[in-house]
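**Student:** only the shape, not the letters, is given here:
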């Protein structure tokens, strides 16, 4: 039982990490949600079952409520931040017509400068164009 | 006993002010006044608390009367009190700076509520004595920062804000996983209780947990190799927001590293690893800064580099090293924020931060040039400023232990920092601006007096650290002593 949970957690982490590395924001958001699910399951696996934290209840074994409350808090936080990320993705789509994460302008400039090391004229022009764009 | 009632006040008052401020959404004046009053009162409160714990004692309060390890405990030792005081002073300074800005980002109704929520989160990070509440406090701070970083909703902000949110959320998920595993191993999340129970578990498992937490807090603190998101995302936020991020958010990560490593996981074997990380953080940060061409990006890389010095002091695991780290933290929070405020003023005066387009500002804004010079020299560690004392302390502590390689890297990075600061000086203040539009704008638009004034106050406070270095260093030493011998902290939390 516990083993199946552990395997589930592992698979979820793997899937989440794969999705997180994609360029499309919707996939990144889904990836983060999947990783968050993995963490919540991990919290539940970690609890010490049947150990009441607030003294003996007198009605037999009680589940440890702490991991559950940790998971609950974490679910609420992930929910809120996922909503914010979706808003980001929507805004990104509004501005650029796609939800792909763009290249960093500075990165492109440095890459262009590296290309210019050969100092061929066309490439210099290229780099300057990109710089203008950056400005 | 009255002081114990004061402990939750920074969190409670900030959150209360945030809620009230939200209700005052249509009256920005009232929002500003509320923010100023709340933060001023809180500075008074934390100074009172600081006086109470200045002798190295620890005070704690149990929320709702439930004792540790079941209830929620807030504890304040000297380390936390010092960080809390400086943080609230910086929050107040940046709030005044924002209010004084001509195109106020506070047009957005939610700015002040979110700012106060962030103040509450920062205070909670320093006050909590519980791993899970530390997670919640981090989340409160970060969620506020997600909103602030994207406050203009421009294309750039969306692009870089996404990076910031995704990496922070990933770190938070790792954090909660680490807490889950820790709870499974020990059955508690209370820091003091953990300190005792971690001694009983398998040392291998304990080291693994320590490494997991180091990664989590390392992402927040931007240490090598987990710093890449910081120079990418910080520069695009509005200037006051960047200033507060630069001063506070990474330092919260550093504080969490110091607290967790010194209380829970400190072992001699770890020292070498931390020193290597510290050296690489210093070096990579400063090299990144030298390669940049934009004022805010240069400064952002310097945040990373300076974090290295803080980890350096911690990695020595000696009293002198930790004292140097505490002293440097105080210095860095104030000086980094000041530098970013000045960077914001440069961008405001000229409309750009690109060195290749700037120049000659020493003639148009001589006061700003003087403020930058003082702060930059202090930041780089030139005597007689506070940065020099901070670096001297950490280098001396390093020499005592014989960590010559890291000391060498520290000295080299210090020189490179001076070089980088002079690059900004040469690019921004000397010579002639290459761009005619920039020249025109700098000449015609005077900087708002409030912004200049509050930046000057920040610079003077920075000089004050150097003047009062003796007493402040004494306090840092006492704070470090209570980190090395946590018995009073444990007793206060577990009482």
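**Tutor:** Received the coordinates, thanks. From a predicted model like this one, the values you see are computed outputs, not experimental measurements.

**Student:** any idea which residue of the stretch 101-250 of chain B lies closest to chain A?
**Tutor:** Nearest residue of the stretch 101-250 of chain B to chain A: residue B:184, at 3.2 Å (Cβ to the nearest Cβ). Any C-beta I mention is one placed from the backbone N, CA and C, and that applies to glycine too.

**Student:** now that residue: which helix or strand?
**Tutor:** helix B:155-186 (DSSP states H and E).

**Student:** how far does that helix sit from its chain's centre?
**Tutor:** Put simply, helix B:155-186 sits 18 Å off its chain's centre (Cα atoms, centre = their mean, to the nearest Å).

**Student:** count of residues packed around the residue of the stretch 101-250 of chain B closest to chain A?
**Tutor:** Neighbourhood size, residue B:184 [other Cβ atoms under 10 Å in any protein chain shown]: 15.

**Student:** go ahead and confirm it touches residue A:44.
**Tutor:** No: in this structure residue B:184 lies outside contact range of residue A:44 using Cβ atoms under 8 Å: 10.1 Å.

**Student:** circling back: following the helix holding residue B:184, which helix or strand comes up?
**Tutor:** helix B:191-197.

**Student:** just the helices in the stretch 301-450 of chain B please.
**Tutor:** Assigned by DSSP state H, counting those that start in this stretch, the stretch 301-450 of chain B shows helices spanning B:319-350, B:361-364, B:366-380, B:386-401, B:404-424, B:436-444, B:449-467.

**Student:** following the helix or strand harbouring residue B:475, which helix or strand comes up?
**Tutor:** Under the criterion of DSSP H and E, residue B:475 resides in helix B:469-484. Later in the chain than helix B:469-484, the nearest helix or strand by DSSP H and E is helix B:487-494.

**Student:** which residues touch that next one?
**Tutor:** Here helix B:487-494 makes contact (Cβ atoms under 8 Å, 6 or more residues apart in numbering or on different chains) with B:56-60, B:67-69, B:73, B:75, B:77, B:129, B:190-193, B:195-196, B:263, B:482.

**Student:** helix, strand, or coil at residue B:74?
**Tutor:** strand (DSSP: H, G, I helix; E, B strand; the rest coil).

**Student:** that one: what's it in contact with?
**Tutor:** Counted by Cβ under 8 Å, 6+ apart, residue B:74 has contacts B:7-8, B:60-61, B:63, B:127-129.

**Student:** so what sits opposite it in the bridge?
**Tutor:** residue B:61, residue B:128 (DSSP bridges).

**Student:** which residues sit against the helix holding residue B:475?
**Tutor:** B:54-56, B:58, B:77-79, B:82, B:258, B:262-263, B:319, B:322-327, B:330, B:386, B:389, B:393, B:465, B:488-489.

**Student:** in it, what's buried?
**Tutor:** B:469, B:472-473, B:475-480, B:482-483 (16 or more other Cβ atoms under 10 Å in any protein chain shown).

**Student:** count the neighbours of residue B:224 for me.
**Tutor:** Residue B:224: 22 neighbours (other Cβ under 10 Å).

**Student:** meant to ask about residue B:29, not that
**Tutor:** 9.

**Student:** so, low pLDDT: which residues of the chain?
**Tutor:** Picking chain A for this. Residues of chain A that meet the criterion pLDDT under 70 lie in A:1, A:46-63, A:102, A:104-107, A:117-135.

**Student:** oops, wrong one, chain B.
**Tutor:** For chain B, the ranges with pLDDT under 70 are B:1-3, B:68, B:103-107, B:434-445.

**Student:** what helix or strand does the residue lying closest to residue B:116 once chain neighbours are set aside sit in?
**Tutor:** Spatially, and ignoring its direct neighbours in sequence, residue B:116 is nearest to residue B:18 (3.8 Å; Cβ to Cβ, 6 or more residues apart in numbering or on different chains). Per DSSP H and E: residue B:18 is located in helix B:9-23.

**Student:** show me how far whatever helix or strand comes next after that helix is from its chain's centre.
**Tutor:** The first helix or strand that comes after helix B:9-23 along the chain, using DSSP H and E, is helix B:28-53. The chain centre lies 19 Å from the centre of helix B:28-53; the measure is Cα atoms, centre = their mean.
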